[in-house]
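Visitor: coords please:
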Amino acid sequence: MGKFAKYEIDLKALQPGAVVAYDYELDNAFFEAIDSAEVQRGNVKVRLVVKKTAGAFELDFQTDGTVIVPCDRCLDDMEQPVTSRDQLMVKFGEEYGEVDDLIIVPEEEGTINVAWLMFEFVVLAIPMKHVHAPGRCNKEMTRKLNAHLSTTADDEDDTDVDEELDDDAERPIDPRWNELKKIIDNN
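Guide: Residues are numbered from 1 along each chain as shown. Here you go, the predicted structure:
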């Protein structure tokens with residue numbers, strides 16, 4: 001048996017109109033087995049409901065939990081809550097394929113392994129920016145960063161987009177950029 005055998009779902013065994021629920025707990029062992037750089041530890045619960053419809057299967061994933069990711073500011077580990085609800089359609093075909101939210105599995109196999117799908121949904125639920133709450137970052141790292149920055153990390157979060165645009169308007173433009181703008185204007 002493979003390390004993800006418990007995430008294998010036998011679609012052929014489902015009767016028409018059947019609705020089956022599966023509960024999975026994605027723990028540190030799961031994330032280590034996936035062996036990906038995005039997430040290596042966490043505790044996430046996934047509720048998967050599989051519904052067989054005419055000629056297809058609806059997979060509804062409800063994901064809730066926390067993962068451990070590095071803070072973008074101080075690089076220390078931090079807990080990041082993740083929540084998502086995702087749906088996929090699965091149909092039988094001649095060979096495996098994916099098109100948008102439709103997965104085609106070979107009819108002769110009749111099974112789908114949802115381990116990688118659940119991992120992808122967890123990774124997609126992680127915000128682009130993950131930073132400790134104010135005052136929780138590694139003090140030594142914050143001190144070192146502040147020594148090398150003209151603005152502090154706290155100032156960066158408080159900066160308003162409109163203020164940034166105003167600052168850009170006040171700064172003198174490097175004459176080399178003016179020459180490049182002429183190229184764009186000529187097109």
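
Visitor: SS state for the most centrally placed residue in the chain?
Guide: Among the residues of the chain, the one closest to the centroid is L124, at 1.9 Å (C-alpha atoms, centre = their mean). Under the three-state scheme (DSSP: H, G, I helix; E, B strand; the rest coil), L124 adopts helix.

Visitor: can you check L180 too?
Guide: Going by three-state DSSP: L180 is helix.

Visitor: read off the pLDDT value for it.
Guide: Looking at L180, its pLDDT stands at 79.

Visitor: wait, what's in contact with the residue nearest to the centre of the chain?
Guide: Residues near L124 by C-beta atoms under 8 Å, 6 or more residues apart in numbering: 84, 86. For the C-beta atoms, the positions are set from N, CA and C on the backbone; glycine is no exception.

Visitor: repeat that with 10 Å
Guide: 38, 63, 82, 84, 86 (C-beta atoms under 10 Å, 6 or more residues apart in numbering).

Visitor: just L48 next, same as before
Guide: Taking C-beta under 10 Å, 6+ apart, we find L48 in contact with 7, 9, 20-24, 59-63, 86, 114, 117-118.

Visitor: scan this protein for its longest strand.
Guide: In the chain, ranked by residue count with DSSP state E as the criterion, the top strand is strand 77-93.

Visitor: next helix or strand past it?
Guide: Next along the chain after strand 77-93, taking DSSP states H and E as the criterion, comes strand 97-99.

Visitor: packing partners for that following strand?
Guide: strand 77-93, strand 102-106 (3 or more C-beta pairs under 10 Å, 6 or more residues apart in numbering; DSSP states H and E).

Visitor: neighbouring contacts of it?
Guide: With C-beta under 10 Å, 6+ apart as the criterion, strand 97-99 contacts 88-89, 91, 103-106.

Visitor: report the buried members of those residues.
Guide: Among the contacts of strand 97-99, those classed as buried by 16 or more other C-beta atoms under 10 Å are 88, 103-105.

Visitor: all helices of the chain, in order?
Guide: Along the chain, the segments classed as helices by DSSP state H run 28-34, 115-125, 139-148, 153-158, 161-170, 175-186.
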